[in-house]
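**Q** need a 3D model of the following:
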Amino acid sequence: MQIAKRDDWKTEPMPSESTNITVEKVYSQQEFDRITTGVIPECMEHKWFIFYEAPWLYMHRSWTGLCVFKARFEVVGESVKITQVQVNRDPAQYSNTDKEYDASLLKMLLDSLTNRRLRY
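**A** As a prediction, the model looks like this:
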């Protein structure tokens, strides 16, 4: 499986109009290894390009390259936890403003990566 890198897809930086949200989630090292592999879209139906540059995981919309989420991770004992999440709040790029929805979407994306069942 190819590990996704920033140069594998068109990306735009997180805009200055962003906010932090709280997402409490802990992963095993094995799950985190799957997360950091990322996702390179293979067809039009794949909506996300995801890559890891320590300590941040970047999640971009595949069609536009817009950055929607940045998640920072930290090793804690034998686990890895999310310590910070930034969400795009530029209304021209991402219209959602519901923090609970964003947290749920982020968890779903990460859980999809850990299970390798890409349900997005």
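
**Q** what ranges does the chain have for its helices?
**A** Along the chain, the segments classed as helices by DSSP state H run 29-37, 99-115.

**Q** just the pLDDT at the residue located most distally from the centre of the chain, thanks.
**A** Centroid-distance maximum for the chain: residue 77 at 22.6 Å, with C-alpha atoms, centre = their mean. In this model, residue 77 is scored at 93, pLDDT.

**Q** the helices of the chain into a markdown table, with extra columns for distance to residue 13 and mean pLDDT?
**A** Where C-beta positions appear, they are placed from N, C-alpha and C, glycine not excepted. Putting the helices of the chain into a markdown table (distance: least, C-beta to C-beta, whole Å; pLDDT from 0 to 100) gives the following:
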| stretch | distance to residue 13 | mean pLDDT |
| --- | --- | --- |
| helix 29-37 | 20 | 95 |
| helix 99-115 | 18 | 94 |
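
**Q** so in terms of bridging, what pairs with residue 74?
**A** Beta-bridge partners recorded for residue 74 (DSSP bridges): residue 81.

**Q** pLDDT wise, what is it at?
**A** The model's pLDDT for residue 74 equals 96.

**Q** hang on, the earlier thing: output the helices of the chain as TSV; include the columns mean neighbour count.
**A** Formatted as TSV, the helices of the chain follow (neighbours: other C-beta atoms under 10 Å):
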stretch	mean neighbour count
helix 29-37	16
helix 99-115	16
